[in-house]
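1. Provided below for reference: sequence and predicted model.
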Amino acid sequence: MPSENSLDVLKRQFLCCYPLNLIDWKPLSNLTWEDQKLLIDCTHNNELNQKYPISSSYQLKFFKKLINHLEQSGVEIHDEIYEAFCNLNSQTTNDEKFSYKHYSLTYHDSVVTLKESKSFVADGTTGLCSWQASLALSDWLLHNTELVRGKSVIELGSGTGLCGFIVSKCCDAKHVILTDGSPKVIDILNTNRSLNFLPNTKDILSDDSKKCSILYLPWEECELVGTKKFDVVLAADVVYDSSEFDSLLGIIEHLFRLMENKVQMILAATVRNESTLRTFLDLLDSKEFIIEMQEAILEKRSYLFWDRSTPVQILKVTKNINLT
């Protein structure tokens, strides 16, 4: 029989659409009829999934994998598992453009829910779904909350908002501004902000929402930041297109000038191409930024489930405060 912890782990993996090949299916061997009922209730029948369903194609593949595993174990499969599989099989279409993901932080008794595109590239942007580096940065910040606790934070290229919402909800930041240069991304950020700061009434967000705001900010339009002051700059998965490096470097320099270099940046970069990353780091170095590699969070200590098949570097970027 699986432990309560095993079912909780499976629930959290299911709700955030953790890659099926990375799930440990062994604890699910020899499930009793009652165990299977608990499993279906904490996954497909989970209240979050019923209200804001995760990808139906992911659910279908999940139950196909589960049924195959149970059949190989010689276990009689619960009727509700078959029913869920059949219903999903009949409902799944290629027209589903958006679905949800739920990132559960059990130690904090908190959940971040995101509406996301099913496609990596949609409406001319890559910002409508969560990327590996955003998960890695969120995880790192959850282990280093002192960097943002009580601080004003701005995030560049926020995408669907995972990192910014986690910092706002779980890391006790004073105020967080999530930014992006795509109007489509700004729209989905506003939707996700509403999902994560429950309204007191139909039209009014909770007071906690005042700690989190959204700003349309193309990197080449630095003036849109105004005179706002920040203690911390965050950015995840923004270093992949060398044609954007000049504008990215420009907004970073602008934010540091606003704070007379009394600011630090935490940058998470998925290392898809070492040469591309190295080029950007050399640009930072040429502008006298100080770059410090941070120790990655080990999987066994991780608060979030994320695919580690491609390495992610976490970098702290600062500048000599005497350089004004």
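-> Cool, got the structure.
2. from here on, contacts and neighbour counts on C-alpha atoms
-> OK.
3. In this structure, what residue spans correspond to strands?
-> Using DSSP state E, the strands of the chain run over 98-105, 110-117, 152-156, 175-180, 212-216, 232-236, 264-270, 289-293, 312-319.
4. Now render those as a markdown table, adding distance to Leu48.
-> Listed next are the strands of the chain as a markdown table, based on distance: least, CA to CA, whole Å:
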| stretch | distance to Leu48 |
| --- | --- |
| strand 98-105 | 8 |
| strand 110-117 | 9 |
| strand 152-156 | 27 |
| strand 175-180 | 24 |
| strand 212-216 | 23 |
| strand 232-236 | 27 |
| strand 264-270 | 29 |
| strand 289-293 | 37 |
| strand 312-319 | 30 |
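5. Output these in JSON lines; the columns should cover mean pLDDT, distance to Thr145 and mean neighbour count.
-> Below are the strands of the chain laid out as JSON lines (pLDDT from 0 to 100; distance: least, CA to CA, whole Å; neighbours: other CA atoms under 10 Å):
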{"stretch": "strand 98-105", "mean pLDDT": "93", "distance to Thr145": "14", "mean neighbour count": "20"}
{"stretch": "strand 110-117", "mean pLDDT": "92", "distance to Thr145": "15", "mean neighbour count": "22"}
{"stretch": "strand 152-156", "mean pLDDT": "97", "distance to Thr145": "12", "mean neighbour count": "24"}
{"stretch": "strand 175-180", "mean pLDDT": "97", "distance to Thr145": "14", "mean neighbour count": "24"}
{"stretch": "strand 212-216", "mean pLDDT": "96", "distance to Thr145": "17", "mean neighbour count": "19"}
{"stretch": "strand 232-236", "mean pLDDT": "97", "distance to Thr145": "12", "mean neighbour count": "23"}
{"stretch": "strand 264-270", "mean pLDDT": "96", "distance to Thr145": "12", "mean neighbour count": "23"}
{"stretch": "strand 289-293", "mean pLDDT": "97", "distance to Thr145": "17", "mean neighbour count": "15"}
{"stretch": "strand 312-319", "mean pLDDT": "96", "distance to Thr145": "14", "mean neighbour count": "20"}
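6. low pLDDT regions in this structure?
-> 1-4, 92-95, 118-129, 198-210, 323-324 (pLDDT under 70).
7. hey, which helix is longest across it?
-> Longest helix in the chain by number of residues (criterion: DSSP state H): helix 56-72.
8. helices and strands around that helix, which ones?
-> helix 79-91 (3 or more CA pairs under 8 Å, 6 or more residues apart in numbering; DSSP states H and E).
9. what does the helix it packs on contact?
-> Gln36, Lys37, Ile40, His44, Ser56, Ser57, Gln59, Leu60, Phe63, Lys64, Ile67 (CA atoms under 8 Å, 6 or more residues apart in numbering).
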